[in-house]
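Student: sequence-free structure coming up:
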């Protein structure tokens with residue numbers, strides 16, 4: 001529980017709650033509106049606010065779950081104080097929605113169409129199992145980021161400085177490359193590519209193109225010839241598509257203060273088609289690479305284990 005933003009395949013869930021199964025409010029947002037989300041603020045387990053950018057206007061949506069008339073006065077007063085706090089944070093047009101626990105009379109039969117066929121809590125629970133959590137905010141020089149754009153800019157600045165070359169004098173050495181003799185590369189045939197596609201692992205995050213390994217596997221009958229033609233074109237021209245040089249970076253929380261950018265590990269999600277092309281090349285050269293490994297290299301090798309060195313020393 002707590003205040004979280006979770007990204008699923010088709011939608012984004014942002015919510016706030018203190019106790020499982022008790023109170024809690026949130027928003028279910030279509031994935032197509034992802035880049036329009038400006039901010040999500042959880043005021044309490046009864047009040048939350050979402051800000052989105054629609055064309056040239058900002059829309060602030062306040063979601064509420066009001067106490068019932070049987071609730072203590074202190075609880076009711078706290079709810080309205082939280083509602084005022086949320087309203088003070090709004091910008092642009094304001095929309096207040098949710099459950100005010102107000103009775104307006106007998107329910108009409110045609111009002112049942114509001115739930116529709118998606119009114120099943122069980123189905124909703126099953127679809128909430130796989131997700132990516134969003135970073136709520138980060139601390140920057142004793143300040144706290146307020147929007148997703150602030151978080152993006154802070155993370156970009158942090159990792160740009162972290163991975164910058166510290167020793168400019170070594171730049172010339174880095175540019176030194178060994179010139180290899182040019183050889184003709186055998187073209188990729190459909191059978192070779194098909195064998196690699198069959199080995200693709202499922203349930204893997206795609207890159208910026210959104211193409212998953214599942215899509216490549218299911219679409220093999222249609223895609224096989226086109227992918228083979230594309231890969232051979234890359235081999236012949238020795239130029240890769242620009243999209244293959246783009247990755248989507250995801251930050252994985254490790255431990256410590258979740259508001260400290262240094263406590264996250266950046267993971268680059270590459271396009272699946274690029275990884276498929278690389279897998280074909282790896283299959284061709286992995287035997288030669290294995291032959292060149294020394295006996296001391298036990299890590300990251302098939303059939304070897306770093307425990308082999310420990311057992312050798314024990315003897």
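Tutor: That came through, no problem. On a predicted model such as this, the values are computed, not experimentally measured, just so you know.

Student: and residue 83, its phi and psi?
Tutor: Dihedral angles phi and psi of residue 83 (degrees, to the nearest 10) take the values phi -70, psi -40.

Student: count the residues that sit near it.
Tutor: A count of nearby residues for residue 83, using other C-beta atoms under 10 Å, gives 20. For glycine as for every other residue, the C-beta is placed from the backbone atoms N, C-alpha and C.

Student: ok, which stretches of the protein are helices?
Tutor: For the chain, helices defined by DSSP state H occupy the ranges 73-88, 121-127, 148-162, 171-174, 190-198, 213-218, 220-237, 272-291, 307-314.

Student: out of those helices, nearest to residue 48?
Tutor: Nearest to residue 48 among those is helix 73-88; the distance by C-beta to C-beta comes to 7.5 Å.

Student: now that closest one: buried residues?
Tutor: Applying a neighbour-count criterion of 16 or more other C-beta atoms under 10 Å, one finds 78, 79, 82, 83, 86 buried in helix 73-88.

Student: any idea which of those is closest to residue 62?
Tutor: With C-beta to C-beta as the yardstick, the closest approach to residue 62 among the buried residues of helix 73-88 comes from residue 86, at 5.0 Å.

Student: sorry, back to before: rank the helices of the chain by pLDDT, which is bottom?
Tutor: Looking over these, mean pLDDT reaches its minimum on helix 121-127, with a mean of 41.

Student: so can I have TSV of the helices of the chain showing distance to residue 259?
Tutor: As requested, the helices of the chain are exported to TSV (distance: least, C-beta to C-beta, whole Å):
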stretch	distance to residue 259
helix 73-88	21
helix 121-127	30
helix 148-162	10
helix 171-174	35
helix 190-198	42
helix 213-218	34
helix 220-237	43
helix 272-291	33
helix 307-314	39
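
Student: so for residue 38, which of these sits nearest?
Tutor: With C-beta to C-beta as the criterion, residue 38 lies closest to helix 148-162 of the helices of the chain, at 6.7 Å.

Student: helices or strands up against that closest one?
Tutor: With contacts defined as 3 or more C-beta pairs under 8 Å, 6 or more residues apart in numbering; DSSP states H and E, the packing partners of helix 148-162 are strand 37-44.

Student: how about residues contacting the strand it packs on?
Tutor: With C-beta atoms under 8 Å, 6 or more residues apart in numbering as the test, strand 37-44 has contacts from 3, 5, 12, 14-16, 27, 29, 48-53, 58, 78-79, 82, 85-86, 89, 136, 146-149.

Student: care to break this structure down by domain?
Tutor: As assigned by automatic domain parsing, the chain contains the domains 2-103+127-134, 183-314.

Student: ok, and which of these has the densest surroundings?
Tutor: When you average the neighbours per residue for each of the domains of the chain (mean count of other C-beta atoms under 10 Å), domain 2-103+127-134 leads with a mean of 15.

Student: how far is that domain from where the chain is centred?
Tutor: What separates the centre of domain 2-103+127-134 from the centre of its chain is 21 Å, taken as C-alpha atoms, centre = their mean, to the nearest Å.

Student: ok, back up a step: the helices of the chain: which one's closest to residue 206?
Tutor: helix 272-291 (5.3 Å).

Student: tell me the contacts of residue 99?
Tutor: Under the criterion of C-beta under 8 Å, 6+ apart, the contact list for residue 99 reads 64, 65, 66.

Student: what does residue 219 give?
Tutor: By C-beta under 8 Å, 6+ apart, the contact set of residue 219 is empty.

Student: let's see it at 10 Å
Tutor: Listed by C-beta atoms under 10 Å, 6 or more residues apart in numbering, the contact set of residue 219 reads 197, 211, 226, 227.

Student: how about residue 137?
Tutor: Residue 137 touches 3, 39, 41, 143-148, 150-151, 154, 258-259, counting by C-beta under 10 Å, 6+ apart.
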